[in-house]
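Trainee: Fold the following and give me the result.
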Amino acid sequence: MEEITEAVQNINVTSDNHKKNRIQVSNTKKPLFFYVNLAKRYMQQHNDVELSALGMAIATVVTIAEILKNSGFAVEKKIMTSTVDMKDESRGRPIQKAKIEILLGKTDKFDELMAAAEEERELANGGEEQG
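Mentor: Model (predicted):
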């Protein structure tokens, strides 16, 4: 029994550490690139980011991860899948939803790419002021 209690406490400790850099993605609330840019900011602050989604939003999380990987900002560290018991709000009965968590880390080129993107933004903003 003590082993189980200890394991549960360890689970809580590890999940608390990841809350700071976790983004829970919805496919209805925000546009795709909101999450892409948010993930970049989280990686700047924490060196990695955990993208999490349930059900229909899983495709959105996978797309965000692929955009970050293909543009050279992130590398995949870990992918976790599970099911979560929830209550069906319309019928009031329990249902299971698929869940995915993707942990992404910064690439070696991350800071260089972010600096280049910032420089481009400054040039674009500077050009607008003169015109």
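Trainee: in the helix or strand encompassing residue 105, what counts as buried?
Mentor: Assigned by DSSP states H and E, residue 105 belongs to strand 94-106. By neighbour count on 16 or more other CB atoms under 10 Å, the buried set for strand 94-106 is 97, 99, 100, 101, 102, 103, 104, 106. Using the backbone N, CA and C atoms, a C-beta is placed for each residue, glycine as well.
Trainee: Could you pull out the strands in this structure for me?
Mentor: 22-24, 48-54, 74-87, 94-106 (DSSP state E).
Trainee: quick one: contacts of the last one?
Mentor: Read that as strand 94-106. The contact list for strand 94-106 (CB atoms under 8 Å, 6 or more residues apart in numbering) reads 39, 43, 47-55, 58, 61-62, 65, 68-69, 73-88.
Trainee: and that strand, which strands flank it?
Mentor: strand 48-54 (antiparallel), strand 74-87 (antiparallel) (DSSP bridges).
Trainee: out of those strands, deepest packed?
Mentor: The highest mean neighbour count among those, using mean count of other CB atoms under 10 Å, belongs to strand 48-54: a mean of 22.
Trainee: Not counting sequence-adjacent ones, nearest residue to residue 68?
Mentor: Leaving aside its chain neighbours, residue 68 sits nearest to residue 74 (3.9 Å; criterion: CB to CB, 6 or more residues apart in numbering).
Trainee: and that neighbour, what is it in contact with?
Mentor: By CB under 8 Å, 6+ apart, the neighbours of residue 74 are 39, 43, 49, 65, 68, 104, 105, 106, 107, 110.
Trainee: check contacts around the fourth one.
Mentor: Going back to what we said before, that points to residue 65. 51, 74, 76, 102, 104.
Trainee: Let me see the confidence value for residue 87.
Mentor: pLDDT for residue 87: 87.
Trainee: Report the beta-bridge partners for it.
Mentor: Bridge pairing for residue 87 (DSSP bridges) gives the partners residue 94.
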